[in-house]
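Undergrad: Starting from these lines, generate the structure:
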Amino acid sequence: MNKPLDPATLAPESGFEQWQRQYAEQIGDDRACENRSGIAIKPLYTQDDRDASRRNTELGFPGQPPYTRGIYATMHRGRTWTQRQLIGLGTPSDYNARLLALIEQGTTAISLIPCNSVFRGYDMDEVDAELLGTCGVVVNSADHMAACLEGVDIGRTSCAMNDPSPFTLLAFLLAVAKRRGVPFASITGTSNQSDYLSHYVANHMFFRLALPGARRILTDHIAFCLRHVPRWNPLSVVGQHMQQAGATPAQAMAFTLATALQNADDCVARGLDPKTFLPRFTFFFDVSISFFEEIAKFRAGRRLWATLVRERYGVGDPRSLRFKFHAQTSGVDLTRQQPQNNIARVAVQAIAGIFGGLQSLHTDAYDEVLSCPTESGARIAVATQNILREEAHLTDVIDPLGGSYYVETLTDEMEEEIRRLLAIVQDAGGMYAAVESGLVQRMIGESARRFQAKVESGEQTIVGVNAYRLGESASDRPPVQTVDDGAIAAHLAAFAQWKAARSQAQVSASLDALARAANDAHANVFEQVVAAAGAGCTHGEICGTLRRELGFGHVQAIV
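TA: The predicted structure is shown next:
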């Protein structure tokens, strides 16, 4: 007969083993947990979850390779992110008044969002007047840009122009600079919607020109800016559109990096030096409410970009390796139901972006899901950043979650998933070919469907939508921002008078020169866009000319 085991002779239970046993006893049927990128999430992480060989080589210090902890030695402790609120409403005078008010409240840089008619490539007199100014400011000429920026020192203030190809907004800005005697070399900022591939994939309204023409004009734009506007960032590679269309955070990062590599390859083919153009590449991302996943996404992407640049282009100087990015809190996560809850959502998203090491930040207004943000909503959005910086002291410590067992493990796992997705794109011939074939669109569509199925089944809780619902009255809804119809009518009338008073011969000559450049492989098309803007040509005239010469941006359905 076997004797019972003497507990005193058994090996003592380790603390981890004791936790495992107690967890299993108390949890019962444990739920499976994974983040939006499909990475399984464990209930507890320890130092054993990371390969010991990676702990030092892939963490490092801020401002040093592999840049996991940030691209600058001081990060936000030395210089905080720029507060770059998107502003767009009504007429240029409306925009200017809102802009000056936000600068008074702490906004430190400009971000101009134009009317949807502008994004589509048309002038205000080519669309239904009811649509004008409802989602952005109506900017059709250099005069309109001058009115938008009245009272702003454009030689000292960074300006982001949400400006798809052929980049007429920058051309108008340069025309204003020339009038004011501001050297082009003093102009700083970003062509914030310069990524035609993300537009083709996920933001069709922005896609004005056929793929080959958009590709040509982007490289012309980069080449012109490097030569004439050296402090301007001519390329912002946009992950935001793809993530808002349904891409997972890992997909958004992978497709963004693939797009950046495609554009860099195109610049090399054009004869540009990577050491010259890579420092002017920037990135633009969505920040979802999946808090730790977003932090890991940014840390992994920053580390991976530095590695890819070194390996692919043989460049090692820090300016070329820096992964500079702007982030916007995710409007997709905001809800029309119980919209005041969006203030909390935006704060969480903003903290994730800050901990992820962003360089500039736009915080959405809580009522942005209902209309163009109201003034009160915009003030709360600006104040949110001020509170996080000044009251919460989020700038005191660099990479405050660095070294966390969970965050470091998740960063490694996100990098592995991003690399896997990058390999799929590269096997398809690169990002241009993968987009042209519809591969990227199909992958994003599948991810969007999977997430929506989780929401509809209740597996993913959305407060106020599929859980914690309340009966709402009209008084619970914030006021909707509206446009002054009289101001729009006056803007249209003034535009018609201005067009009639222009030198039609000068306009025709400029548009003819633009058309010739589009058909000359050795000409720089953007140089002629700048010349046309300075000569009094309108946004719609410039876009229309290039559509005729280079093809319209039709996007076919991908099945």
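Undergrad: switch to C-alpha atoms for all contacts and neighbour counts from now on
TA: Fine.
Undergrad: Mind listing the strands the biggest strand by length in the chain pairs with, and their directions?
TA: In the chain, with assignment by DSSP state E, the single longest strand is strand 281-287. Strand 281-287 has its sheet partners listed here by DSSP bridges as strand 235-238 (parallel), strand 325-329 (parallel).
Undergrad: Tell me the first helix or strand C-terminal of it.
TA: Next helix or strand after strand 281-287 toward the C-terminus (DSSP states H and E): helix 291-313.
Undergrad: Need the residues that contact whichever helix or strand comes after that next one.
TA: Sequence-wise, the next helix or strand downstream of helix 291-313 (DSSP H and E) is helix 318-321. The contact list for helix 318-321, computed with CA atoms under 8 Å, 6 or more residues apart in numbering, reads 274-275, 278-279, 305-306, 309-310, 315.
Undergrad: Reformat these as JSON lines; add neighbour count.
TA: Formatted as JSON lines, the contacts of helix 318-321 follow (neighbours: other CA atoms under 10 Å):
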{"residue": "Pro274", "neighbour count": "18"}
{"residue": "Lys275", "neighbour count": "17"}
{"residue": "Leu278", "neighbour count": "23"}
{"residue": "Pro279", "neighbour count": "17"}
{"residue": "Trp305", "neighbour count": "21"}
{"residue": "Ala306", "neighbour count": "22"}
{"residue": "Val309", "neighbour count": "19"}
{"residue": "Arg310", "neighbour count": "14"}
{"residue": "Val315", "neighbour count": "18"}
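Undergrad: related to what we said a few turns ago, got the CA positions of the longest strand of the chain in CSV?
TA: Once non-C-alpha atoms are left out, strand 281-287 reads as follows in CSV (Å, rounded to 0.1, in the frame of the first residue of the first chain):
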residue,chain,number,x,y,z
PHE,A,281,9.1,61.8,-44.9
THR,A,282,6.4,62.0,-42.2
PHE,A,283,3.6,59.7,-41.1
PHE,A,284,-0.1,60.2,-40.1
PHE,A,285,-1.9,57.7,-38.0
ASP,A,286,-5.3,57.0,-36.4
VAL,A,287,-5.3,56.3,-32.7
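Undergrad: pLDDT (mean, whole number) over it?
TA: For strand 281-287, mean pLDDT is 97.
Undergrad: And for stretch 185-195?
TA: Mean pLDDT, stretch 185-195: 93.
Undergrad: repeat for stretch 324-333
TA: The model assigns stretch 324-333 a mean pLDDT of 94.
Undergrad: Equivalent analysis for stretch 150-162, please.
TA: The predicted model gives stretch 150-162 an average pLDDT of 92.
Undergrad: Stretch 436-452 now?
TA: Stretch 436-452 comes out at a mean pLDDT of 96.
Undergrad: For that stretch, buried residues please.
TA: Residues 436, 438-441, 444-445, 447-448, 451 are the ones in stretch 436-452 that count as buried (16 or more other CA atoms under 10 Å).
Undergrad: go on, stretch 414-423?
TA: Going by 16+ other CA under 10 Å, stretch 414-423 has these buried residues: 414-415, 417-419, 421-422.
Undergrad: contacts for that stretch?
TA: With CA under 8 Å, 6+ apart as the test, stretch 414-423 has contacts from 39, 250-251, 253-255, 257-258, 296-297, 300-301, 304.
Undergrad: And stretch 205-222, by the same measure?
TA: Residues from elsewhere that reach stretch 205-222, judged by CA under 8 Å, 6+ apart: 116, 119-121, 164-167, 194, 196, 199-200, 234-235, 263, 266-267, 270, 277, 524-527, 543, 546-547, 550-554.
Undergrad: Skip the chain neighbours and tell me the closest residue to Thr248.
TA: Ser37 (5.1 Å; CA to CA, 6 or more residues apart in numbering).
Undergrad: That neighbour belongs to a strand, doesn't it?
TA: No. Looking at Ser37 with DSSP: H, G, I helix; E, B strand; the rest coil, it is coil, so not inside a strand.
Undergrad: so it touches Gly246, yeah?
TA: No. Using CA atoms under 8 Å, Ser37 is not in contact with Gly246, being 10.9 Å away.
Undergrad: Please identify which of these two sits among more neighbours.
TA: Neighbour tally, Ser37 and Gly246, criterion other CA atoms under 10 Å: the higher count belongs to Gly246, 23 against 19.
Undergrad: Quick check: the gap between the more buried one and Gln452.
TA: As for Gly246, its distance to Gln452 is 9 Å (criterion: CA to CA, to the nearest Å).
Undergrad: and what of Phe298?
TA: Going from Phe298 to Gln452 by CA to CA gives 24 Å.
Undergrad: and Gly106, what is it in contact with?
TA: Contact analysis of Gly106 by CA under 8 Å, 6+ apart lists 83, 382, 386.
Undergrad: rerun that using 10 Å as the cut-off
TA: 82-84, 379, 382-383, 385-386 (CA atoms under 10 Å, 6 or more residues apart in numbering).
Undergrad: which of those sit farthest apart?
TA: Maximum pairwise distance in the contacts of Gly106, criterion CA to CA, is 16.0 Å, between Thr82 and Arg379.
Undergrad: Tell me which of these two has more neighbours.
TA: Thr82 (19 against 16).
Undergrad: Find the nearest non-adjacent residue to the more buried one, please.
TA: In this structure, Thr82 finds its nearest non-sequential neighbour in Ser360, 4.5 Å apart by CA to CA, 6+ apart.
Undergrad: what are the ranges of the strands in this protein?
TA: With strands called from DSSP E, the chain shows them at 82-83, 86-87, 110-112, 159-161, 189-191, 232-233, 235-238, 281-287, 325-329, 360-362.
Undergrad: Out of the strands paired with strand 281-287, the one nearest Arg31 is which?
TA: strand 325-329 (28.9 Å).
Undergrad: Restrict the closest one to CA atoms and write it as CSV.
TA: Extracted as CSV, the C-alpha positions of strand 325-329 are listed here (Å, rounded to 0.1, in the frame of the first residue of the first chain):
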residue,chain,number,x,y,z
PHE,A,325,4.4,61.0,-37.0
HIS,A,326,1.2,63.0,-36.4
ALA,A,327,-1.7,61.3,-34.8
GLN,A,328,-5.4,62.0,-34.7
THR,A,329,-7.8,60.4,-32.2
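Undergrad: Perfect, that will be all.
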